[in-house]
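give me coordinates for this.
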Amino acid sequence: MTEEKIKGPASYFPSIEKKYGRSIDEWKAFLRARYPAKHMELVAMLKDEHGMGHGYANALVAHTLAEDNG
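Numbers count the residues shown, from 1 in each chain. This is a model prediction of the structure:
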């Protein structure tokens, strides 16, 4: 049986955890504490305050907002 490959924003999560030293749950809590900021405001915060690359920041924000806005 083969394991299905993770697709979409979540595919970045292992790399984000490894490179930036926090769990995805910690990053999501960081983002949620800054609501009601808009998508690109949250991306900018991750980039400016934590040095996160744009692709990683965008994936994390998109996934978190999709979870919360169903």
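
elements contacting the biggest helix by length in the chain?
Looking across the chain with DSSP state H, the single longest helix is helix 54-69. Counting contacts by 3 or more C-beta pairs under 8 Å, 6 or more residues apart in numbering; DSSP states H and E, helix 54-69 is packed against helix 13-20, helix 24-32, helix 39-50. For glycine as for every other residue, the C-beta is placed from the backbone atoms N, C-alpha and C.

of these, which is nearest D68?
helix 24-32 (7.2 Å; C-beta to C-beta).

okay, angle between that closest one and helix 39-50 too, please.
Counting by axes from the mean of the first three to the mean of the last three C-alpha atoms, to 10 degrees, helix 24-32 lies at 120 degrees to helix 39-50.

now the residue sitting nearest the centre point of the chain. Nearest residue, chain neighbours left out?
The chain has L60 as the residue nearest its centroid, 1.5 Å off, counting by C-alpha atoms, centre = their mean. Leaving aside its chain neighbours, L60 sits nearest to W27 (5.5 Å; criterion: C-beta to C-beta, 6 or more residues apart in numbering).
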